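Student: take a look and give me a structure for this.
(one chain, ligands or ions: 1)
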Amino acid sequence: MRTITTARLLLRPWRDDDADFLLDLESRWEVVRFLGPHPTMMRTRADALASIGRRRAVDHPVHGIWAITTTDGRLAGNLLLKPIPMSAGESPADPPEVEIGWHLHPDAWGHGYATEAAEAVLQDAFARGLTRVVAVTDPDNHASQAVCRRLGMTARGRTTMFYGTVNELFDLSRPPA
Ligand SMILES: CC(C)(COP(=O)(O)OP(=O)(O)OC[C@H]1O[C@@H](n2cnc3c(N)ncnc32)[C@H](O)[C@@H]1OP(=O)(O)O)[C@@H](O)C(=O)NCCC(=O)NCCS
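Tutor: Model (predicted):
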């Protein structure tokens, strides 16, 4: 998976030695509470290592799951670009919808890092042929909705089409060349 750099950040593949950070990130209720209909906190380092293995297994020219670090190497969170899971009974769009998502450590909130990381990934993905991206947030996740708005995404209202739950849907199309 490629690395992507911004003014303040480096997005790179997850590594096994990130396991302690990932466990610290995903064992926090404030980080996972809005993730899907049944949020669960990560419990063990073995779970973190298994999750890192799954993140690294994404092998795609455009999609990816990146560790967000500051340029001095400190881990800040996770940025993903991947096909979005449909709710039961929903048919995937053609081509399938691709979602962008972000999870940052609370120590890294309030610096604009999620927006900066997502902007860079979208710019890179649009240049590589992606034409449209969606983001879904829990209706109460105002911090994440603010990231969507900062990215210039359009609010499309509530939907139950994805992840088997009610979400606010945002989308963005590739800007004209
Ligand atoms: C969603 C989440 C990533 C948002 O993080 P965030 O830090 O608020 O988002 P941004 O990266 O856009 O940063 C914006 C904040 O940084 C501030 N900021 C500081 N310096 C900045 C800079 N140089 N540039 C931009 N913003 C800056 C902004 O003022 C804003 O703070 P405010 O909301 O208090 O005004 C974070 O709350 C999170 O990880 N939540 C848990 C996981 C989650 O719910 N993920 C989303 C699932 S849909």
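
Student: contacting residues around residue 36?
Tutor: Counting by CB atoms under 8 Å, 6 or more residues apart in numbering, residue 36 touches 163-165. In this view, the C-beta of every residue, glycine as well, is placed from N, C-alpha and C.

Student: and which of these is nearest residue 139?
Tutor: Nearest to residue 139 among these: residue 165, at 9.8 Å, using CB to CB.

Student: check what pLDDT the residue of the chain at minimum distance from the ligand gets.
Tutor: Nearest to the ligand in the chain, going by CB to the nearest ligand atom, is residue 112, at a distance of 2.3 Å. Looking at residue 112, its pLDDT is 98.

Student: tell me how far it lies from residue 102.
Tutor: Distance, residue 112 to residue 102, by CB to CB, to the nearest Å: 12 Å.

Student: could you pull up the mean pLDDT of the helix or strand where residue 133 lies?
Tutor: Element membership for residue 133, per DSSP states H and E: strand 132-137. Per-residue pLDDT over strand 132-137 has a mean of 98.

Student: give me the phi and psi for the residue of the chain closest to the ligand.
Tutor: When read as degrees, to the nearest 10, the backbone of residue 112 gives phi 80, psi 10.

Student: any chance of the contacts of residue 36 in a markdown table with distance to the ligand and neighbour count as columns?
Tutor: Below are the contacts of residue 36 laid out as a markdown table (distance: CB to the nearest ligand atom, whole Å; neighbours: other CB atoms under 10 Å):
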| residue | distance to the ligand | neighbour count |
| --- | --- | --- |
| 163 | 10 | 18 |
| 164 | 15 | 16 |
| 165 | 11 | 14 |
